[in-house]
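Visitor: Need the 3D shape of this:
(one chain, ligands or ions: 1)
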Amino acid sequence: MIKRRGLMKKDKSIESLLKVEEVYEPPKEFREKAWVKDESIYEKAEKDWIAFWDEIARTEVEWFEPYKKVLDDSNAPFYKWFIGGKINITHNCLDRHVKTWRKNKAAIIWQGEPENDKRVITYYELYRRVCRFANALKNLGVRKGDRVTIYMGMVPELVVAMLACARIGAIHSVVFGGFSSMALRDRINDAKAKVVITMDGFYRRGKIVETKKIVDEALEDAPSVEHVIVYDRLGLDVNMVEDRDFWWDDVQYGSSWKCEPEVMDSEDPLFILYTSGTTGKPKGVLHVHGGYNVGTHITTKWIFDIKDDDIYWCTADIGWITGHSYVVYGPLSNGATVLMYEGAPDYPKPDRWWSIIEYYGVTVFYTAPTAIRYFMRLGEEWPKKHDLSSLRLLGTVGEPINPEAWKWYYRVIGGERCPIVDTWWQTETGMIMITPLPGVTKLKPGSATKPFPGIKAEVWDDEGNPCPPNVGGKLVITRPWPSMLRTLWGDPDRYIKTYWSAFEGKLVYFTGDGAKIDEDGYFWIMGRIDDVLNVSGHRLGTMELESVLVAHKAVSEAAVIGKPHDIKGEVPVAFVVLKDGYEPSVELKRELREWVRKKIGPIATPEEIIFVTKLPKTRSGKIMRRLLRAVLAGQPLGDVTTLEDEKALEEIKKSYEELK
Ligand code: PRX
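Guide: Numbering: from 1, shown residues only. Next up, the predicted model:
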């Protein structure tokens, strides 16, 4: 079974002797049945990575017309994959399963937050629903290339809406249901969406989130939107604007349940997903039908070792990339049975997730370290109430997992039987990039292990030279991959500047993360090194928060930084300079927190607001966030020679001490 290894390194330096490194071997019985049981796959992919992707693309997904060339790098970094191929991702997620015995296999098992809200949707039923809804969209005038914004909670209709868009070649832009009306409006306007698909409301922790109301607010200033489709989840009495808003059922009335998929070029857009960056404006990451299908399909198959008898549960909300790739497209392309849960992890009791695993016999479970840390704190007694023996594989995503949480997950949830795949990737990468393959990779708690076959990741210093083992640097991807983002919606220059310009004269993809590689070639991700926060595995731009804060009438300047947090990983803390005529007060603090919550969403709410009269800046006027971070962490300040005015720091230290 799994062996632990300590003090086995050949290097006898004191440091390595003191470091007890545990290595977990893949269990023999897991390996024997795994899709990938032979490490030679890495070598094979390295020998000819183009041929490697070619073989996968040809054999793992179906094409209407074969592609003529695997990769076109003639206009890099606008790489193109599977040139000339014709495909539609919904054909691979639906039609090809419906042609087989999987026709009546469960595609989605849905559990609502109220215990008795349960539904099972087979592949054939999903196919019919998608086709019917696709026809309804066509009737409303939605055409290939049009953008459709989807703003919904976790219900199967959200999947239907996405697939229906993809089926007719429309580009979906799903906006996380926890975002505010302002955030939704910005995203609708940036994409110039023609239609918005939403619902009356959904449950979250026993309360109702009134989704349609939020959409109405967003649409007060969203001129591109012609129609709104509203799915009736709760029977709420919502405002329906005549000729603009239609009920989900009404809009489909009389539509056929057959709809041929639009024949898409490999490179035709599939979706836009907005993510936070280092500027105030969210970036519209664009993915396409061909490469995204290939990348998400094979990673789901090999990393989650998906088999036909699995009950697979990824707890991510579909509003994030993890939900797009590993709740919807990857698993459905593999014909898997996907569990989908509407509500909060700990509602009505802290054992809700574990009871769901037991009840449905979940076999593969994929979640975020923040959730694991939260459940760890609640205590083992909650998972212990349930028989979790159906589980055979566990996964994590979104942030580095601390070895303590890893071991708790391994022991308490996985019963010391299940390998854990710690998967590193991003909205932009579309698919998992650094990860164990559970049947072959030895695991080290806290390490995402190695790049997926065919992927080349490295850690570079500021000059673009590879760092020696165990020396931290910038994580870069030095070769294109099929499911890479193609551009930023409407902003190709920003695409080049953000991702491809970190090293002069070298065209590599810069991830924004710091990392180091150990002497065994294992990657240790150290987190973002740009001005992006990771709060509970969700990305937030510090500039985004700052621009919202300075939009408040009382605020003159703001600086936001991340403060380490036991459960959430990081939380935003805001330093605020008030305008003349405003005085710091508890009420104003509350008001500003509420302001951010309203403008962006609950996840962005600053944990603390610290009023100061001056921010630490360089002589050229740049806010020195590094110093703010050091003050919060009680660490040495390092070099302060570029600081314009040292008094600013003294005051910040004092305000922070008072707060504590
Ligand atoms: O900092 C890395 C962190 O999440 C960032 C990407 O965020 P997002 O695009 O929202 O996608 C999250 C889910 C794929 C990365 O730049 N991150 C993601 N996975 C890991 C991680 N950090 C460490 N370990 C991981 N496994």
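
Visitor: List the contacts of the residue in the stretch 151-300 of the chain positioned nearest to the ligand.
Guide: With CB to the nearest ligand atom, the shortest gap between the stretch 151-300 of the chain and the ligand falls at residue 275, namely 5.2 Å. Every C-beta, even on glycine, is put in place using the N, C-alpha and C of the backbone. Each residue near residue 275 by CB atoms under 8 Å, 6 or more residues apart in numbering is listed here: 282, 283, 285, 321, 426, 427, 428, 539.

Visitor: Beta-bridge partners for it, please?
Guide: Beta-bridge pairing for residue 275 (DSSP bridges): residue 283.

Visitor: Okay, helices next: where are they in the stretch 1-150 of the chain?
Guide: Taking DSSP state H, counting those that start in this stretch as the test, the helices found in the stretch 1-150 of the chain are 14-18, 28-33, 40-47, 49-60, 89-90, 96-98, 123-139.

Visitor: My error: substitute the stretch 301-450 of the chain in the last question.
Guide: With DSSP H, counting those that start in this stretch as the criterion, the stretch 301-450 of the chain has helices at 321-323, 330-333, 352-360, 369-378, 381-384, 403-408.

Visitor: Turn those into a markdown table, including distance to the ligand and mean pLDDT.
Guide: Formatted as a markdown table, the helices of the stretch 301-450 of the chain follow (distance: least, CB to the nearest ligand atom, whole Å; pLDDT from 0 to 100):
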| stretch | distance to the ligand | mean pLDDT |
| --- | --- | --- |
| helix 321-323 | 5 | 98 |
| helix 330-333 | 12 | 98 |
| helix 352-360 | 19 | 98 |
| helix 369-378 | 8 | 95 |
| helix 381-384 | 22 | 98 |
| helix 403-408 | 11 | 96 |
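
Visitor: By mean pLDDT, flag the weakest helix or strand of this protein.
Guide: When the helices and strands of the chain are scored by mean pLDDT, DSSP states H and E, helix 14-18 comes last with a mean of 48.

Visitor: my guess is residue 437 meets residue 36, correct?
Guide: Yes. Between residue 437 and residue 36 there is a contact under CB atoms under 8 Å: 4.8 Å.

Visitor: neighbour-wise, which of the two wins?
Guide: Higher neighbour count among residue 437 and residue 36: residue 437, with 26 against 19, using other CB atoms under 10 Å.

Visitor: Output stretch 354-369 as CSV, nothing but the C-alphas.
Guide: Provided in CSV are the C-alpha atoms of stretch 354-369 (Å, rounded to 0.1, in the frame of the first residue of the first chain):
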residue,chain,number,x,y,z
TRP,A,354,-20.0,13.9,4.0
SER,A,355,-23.7,12.9,4.1
ILE,A,356,-23.9,13.6,0.4
ILE,A,357,-20.8,11.5,-0.3
GLU,A,358,-22.3,8.6,1.7
TYR,A,359,-25.8,8.9,0.2
TYR,A,360,-24.8,9.0,-3.4
GLY,A,361,-21.7,6.8,-3.1
VAL,A,362,-19.3,9.4,-4.4
THR,A,363,-16.1,7.8,-5.6
VAL,A,364,-14.0,10.7,-6.9
PHE,A,365,-14.1,14.0,-4.9
TYR,A,366,-12.5,17.3,-5.9
THR,A,367,-12.5,20.4,-3.7
ALA,A,368,-10.4,23.3,-2.4
PRO,A,369,-7.9,23.5,0.4
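
Visitor: quick one: buried residues of that stretch?
Guide: By 16 or more other CB atoms under 10 Å, the buried positions in stretch 354-369 come out as 354-358, 360, 362-369.

Visitor: I figured residue 200 was touching residue 212, is that so?
Guide: Yes. Taking CB under 8 Å as the definition, residue 200 is a contact partner of residue 212 at 5.2 Å.

Visitor: Just read off the phi/psi values of the closest residue to the ligand within the stretch 551-660 of the chain.
Guide: Nearest to the ligand, among the residues of the stretch 551-660 of the chain, is residue 569, at 9.1 Å (CB to the nearest ligand atom). The phi and psi values for residue 569, taken as degrees, to the nearest 10, are phi 80, psi -60.

Visitor: I'd say it and residue 396 touch.
Guide: No. With contacts counted by CB under 8 Å, residue 569 stays clear of residue 396, the gap being 12.0 Å.

Visitor: Just the closest residue of the stretch 351-500 of the chain to the ligand, please.
Guide: residue 427 (3.4 Å).

Visitor: ok, now which ones touch that residue?
Guide: By CB under 8 Å, 6+ apart, the contact list for residue 427 reads 273, 275, 285, 320, 321, 485, 539.

Visitor: can you check residue 402 too?
Guide: Contacts of residue 402 by CB under 8 Å, 6+ apart are 369, 373, 446.

Visitor: The contacts of residue 275, buried ones only, as a ChimeraX selection?
Guide: Applying 16+ other CB under 10 Å to the contacts of residue 275, the buried members can be selected in ChimeraX as follows:
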select :282,283,285,321,426,427,428,539
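
Visitor: quick one: which two of the contacts of residue 275 are the most distant?
Guide: Taking CB to CB, the two most distant members of the contacts of residue 275 are 282 and 426; they sit 14.2 Å apart.

Visitor: And the pLDDT for the closest residue in space to residue 339 that isn't next to it in sequence?
Guide: Nearest residue to residue 339, sequence neighbours excluded (CB to CB, 6 or more residues apart in numbering): residue 313, at 4.0 Å. Model confidence at residue 313, given as pLDDT, is 98.

Visitor: In contact with residue 313: list those residues for me.
Guide: So residue 313 contacts 338, 339, 341, 356, 357, 360, 362, 364, 365, 366 (CB under 8 Å, 6+ apart).
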